[in-house]
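# Please work out how this folds:
(2 chains)
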Number of protein chains: 2
Amino acid sequence: MTHDVDARTTPELTNPRAERVRSVRALSGRPVRSRQGRFLVEGPQAVRELVRFEAGRVRELYLSPETAVRHPELADEAAAAGLRVRYGTVEVLEAMSPDGQGVVAVADRLGGAPADVAVAGPRLVAVLSHVRDPGNAGTVIRSADAAGADAVVLTEASVDLHNPKTVRASAGSLFHLPVVRGGDLADVLAPLREAGLTVLAADGAGEWDLDDLLDAAGPGGGRHSGMPDLGRPTAWLFGNEAWGLPPQDRELADAVVRVPIHGHAESLNLATAAAVCLYASARAQRRGGS
Amino acid sequence: MTHDVDARTTPELTNPRAERVRSVRALSGRPVRSRQGRFLVEGPQAVRELVRFEAGRVRELYLSPETAVRHPELADEAAAAGLRVRYGTVEVLEAMSPDGQGVVAVADRLGGAPADVAVAGPRLVAVLSHVRDPGNAGTVIRSADAAGADAVVLTEASVDLHNPKTVRASAGSLFHLPVVRGGDLADVLAPLREAGLTVLAADGAGEWDLDDLLDAAGPGGGRHSGMPDLGRPTAWLFGNEAWGLPPQDRELADAVVRVPIHGHAESLNLATAAAVCLYASARAQRRGGS
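Here you go, the predicted model:
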């Protein structure tokens, strides 16, 4: 597809202080997002994945001519999905989103509930309880996607999954798999357990060593009595970045598993620990597990 | 050990605009760090690990009375290491370091070179080439520590390892294992390869799948011809967070390995990919490898 860039991309929006610009920018605040039921998607990667995987949610799509030239696939794929692109000057895009690198979309909030996730018969789910840092939540969503997880579920006490930092850190993964919000942890886990998932809590003080579970799931492995089977459908439970999972949350799990610490570090970063656990499950389910 | 907190911790430093306060704060800038050969260590966790593992580097140590009460081990361990603690008001500590939560140390810069690392006969080393985000570098150092790596080496084109964000993100791991800076990548790798380490580059387009290498290193595994042995002493090479490893860097490795992507994600976050690779090596070296 060729573009007559000059004609098509002449900025229609030129005033960074216009009401429309301010109303897009306002979506960086949670109360406005809740009230309007919409959220901001910023930057070429996130917007491209939004258009590819969730075009039906796009309400508005803004591009600077410069970004349109640098990322020609953005306008092409938007057109193919029947979406209208509005062009704005660099200043307008910067005012809408200082982090958008010249491309911003307004999209309908993601929906769904833990029960919807459970009904789909998932084999690997990440559950985030009391995760408060938006960047961490986004990075866990990206890792869950990469590890082939079927869904990510956040408890109500966790960060808003529509936070712009979460959206950016997920690098588009937010649109690749169901990412839903539930109530408290017991409510979130109930439908997952009913769907047959084992609930494993990740915690530095866990009774089971992840490496032992991987050994047992592999060829020549053998599980001790009571040892969780890493090859079974699993919901991994991850807690707060600073204080982990409180005892009452750990008690809701079938087993508590620790990533082995071989050096002097006290613990792993939350997103890192989540990636190691999810990849271990993916490996056990694909290679050695049941 | 009991404290007469009131008597011992009466703030000696009360003026947030004092010259001493400004000179501590100035170490957040790289030129000042280079000129003085010192750097900032901020927050209870990082300062505690500094005092425990590298007390000989500490030049100055500042505490607010409030933080001294909340973290009594800080003053106790400093005293045990023969270090003098100076107490400052909350305002003074805040002026020295907005991120220090009431505790800041000034320490001599970390030294050492790739050749020193190589001489110690390491089995697992992380090499960072062109890593530019200070937080990412710190998180990789923390993961390397947790995975039991013997050292982390940064090329000259990478972020300053004394950057306050790197120090904070490493959560004290910077003081747990040698973290050294070298020249260009070829210079950094030469002594490691001479010491017998296999150099594996982590790259999404790698010819070898990490899971295949783990299978081959485990019980019942068998390596194809040319397949790298994950059980051998290894230096993992990680590239820039946005553009990875350029071809000339990949060519310096013995093999290029990809973390498998099971979902729709384009790639993993750098620190996450590093953790998965380092834990895979730790596992192969401890369980199945040679």
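
# Point out where the stretch 51-200 of chain A drops to low pLDDT.
By pLDDT under 70, the stretch 51-200 of chain A has no low-scoring segment.

# How about the residue in it that chain B sits nearest to: what's its closest non-neighbour residue?
For the stretch 51-200 of chain A and chain B, the shortest gap (C-beta to the nearest C-beta) falls at residue A:148, measuring 2.7 Å. (C-beta placed from N, C-alpha, C; glycine too.) Leaving aside its chain neighbours, residue A:148 sits nearest to residue B:262 (2.7 Å; criterion: C-beta to C-beta, 6 or more residues apart in numbering or on different chains).

# For the one you found, the count of nearby residues, please.
Applying other C-beta atoms under 10 Å in any protein chain shown, we find 18 other residues in the vicinity of residue B:262.

# Look at it and give its secondary structure.
Following DSSP: H, G, I helix; E, B strand; the rest coil, residue B:262 is assigned to coil.

# tell me the strands in the stretch 101-250 of chain A, going along the chain?
A:103-108, A:124-128, A:151-154, A:179-181, A:198-202, A:208-209, A:234-238 (DSSP state E, counting those that start in this stretch).

# Relative to the fourth one, what are the paired strands and their orientations?
On the basis of DSSP bridges, the sheet neighbours of strand A:179-181 come out as strand A:151-154 (parallel).

# Equivalent analysis for the second one, please.
Listed by DSSP bridges, the sheet partners of strand A:124-128 and their directions read strand A:151-154 (parallel), strand A:234-238 (parallel).

# and the shortest one, which residues are buried?
Residues A:151, A:152, A:153, A:154 are the ones in strand A:151-154 that count as buried (16 or more other C-beta atoms under 10 Å in any protein chain shown).

# so the first one touches residue A:122, yeah?
Yes - at 5.7 Å, residue A:151 counts as touching residue A:122 under the criterion of C-beta atoms under 8 Å.

# Hmm, residue A:134 and residue A:165 touching each other?
Yes - using C-beta under 8 Å, residue A:165 is in contact with residue A:134, at 3.8 Å.

# which one of those two has more residues nearby?
Neighbours were counted for residue A:165 and for residue A:134 using other C-beta under 10 Å; residue A:134 has more, 21 against 18.

# list the buried ones in stretch A:26-45?
Under the neighbour-count criterion of 16+ other C-beta under 10 Å, stretch A:26-45 has A:27, A:28, A:33, A:38, A:39, A:40, A:41, A:42, A:43, A:44, A:45 buried.

# Kindly report the same for stretch A:115-129.
For stretch A:115-129, by 16+ other C-beta under 10 Å, it's A:115, A:117, A:118, A:122, A:123, A:124, A:125, A:126, A:127, A:128, A:129.

# okay, among those, which ones form the most distant pair?
Distance extremes for the buried residues of stretch A:115-129: the farthest pair is A:123 and A:129 at 20.6 Å, using C-beta to C-beta.

# Point out the residues in the stretch 1-150 of chain A that sit beside chain B.
A:45, A:49, A:53, A:139, A:142, A:143, A:144, A:145, A:146, A:147, A:148, A:149 (C-beta under 8 Å from any C-beta of the partner chain).

# And for the last one, the neighbour number?
Which is residue A:149. Counted with other C-beta under 10 Å, residue A:149 comes out at 29.

# just to revisit the earlier point, in this structure the residue of the stretch 51-200 of chain A closest to chain B contacts residue B:263, no?
Yes - look at residue A:148 against residue B:263 with C-beta under 8 Å: they come within range, at 4.9 Å.

# what touches both of residue A:151 and residue A:122?
Jointly contacting residue A:151 and residue A:122 under the rule C-beta atoms under 8 Å, 6 or more residues apart in numbering or on different chains is no residue at all.

# Ends of stretch A:174-181, what's the gap?
12 Å (C-alpha to C-alpha, to the nearest Å).

# With stretch A:188-206 instead?
One end of stretch A:188-206 to the other measures 21 Å (C-alpha to C-alpha).

# If you count neighbours, what's buried in it?
Neighbour counts using 16+ other C-beta under 10 Å place A:188-192, A:195, A:197-204, A:206 of stretch A:188-206 among the buried residues.

# so does it get close to chain B?
No - judged by C-beta under 8 Å from any C-beta, stretch A:188-206 stays clear of chain B, getting no closer than 9.9 Å.

# Can you tell me the element residue A:280 falls in?
If you go by DSSP states H and E, residue A:280 is part of helix A:270-283.

# For that helix, enumerate the helices and strands it packs against.
Here helix A:270-283 touches strand A:124-128, helix A:134-146, strand A:198-202, helix A:210-217, strand A:234-238, helix B:134-146, helix B:270-283, going by 3 or more C-beta pairs under 8 Å, 6 or more residues apart in numbering or on different chains; DSSP states H and E.

# swap the cut-off to 6 Å and go again
helix A:134-146, strand A:234-238, helix B:270-283 (3 or more C-beta pairs under 6 Å, 6 or more residues apart in numbering or on different chains; DSSP states H and E).

# who touches that helix?
With contacts defined as C-beta atoms under 6 Å, 6 or more residues apart in numbering or on different chains, helix A:270-283 is touched by A:124, A:136, A:139-140, A:143-144, A:147-149, A:202, A:210, A:214, A:230, A:234, A:236, A:238, A:241, A:259, B:143, B:211, B:262, B:272, B:275-276, B:279.

# And for stretch A:247-266?
Contacts with stretch A:247-266, where a contact means C-beta under 6 Å, 6+ apart, come from A:129, A:185, A:189, A:198-204, A:206-211, A:228, A:237, A:268, A:273, A:276, B:142, B:145-148, B:173, B:176, B:282.

# buried residues in it?
Using 16+ other C-beta under 10 Å as the test for burial, stretch A:247-266 gives A:249-250, A:252-260, A:262-266.

# Tell me which of the residues you listed fall in helices.
Using DSSP state H, the members of the buried residues of stretch A:247-266 that fall in helices are A:249, A:250.

# just the buried residues of stretch A:247-266 now: which is nearest chain B?
If you rank those by distance to chain B using C-beta to the nearest C-beta, residue A:262 comes first, at 2.7 Å.

# Centre-most residue in chain A?
In chain A, the residue lying closest to the centroid (C-alpha atoms, centre = their mean) is residue A:141, at 3.0 Å.
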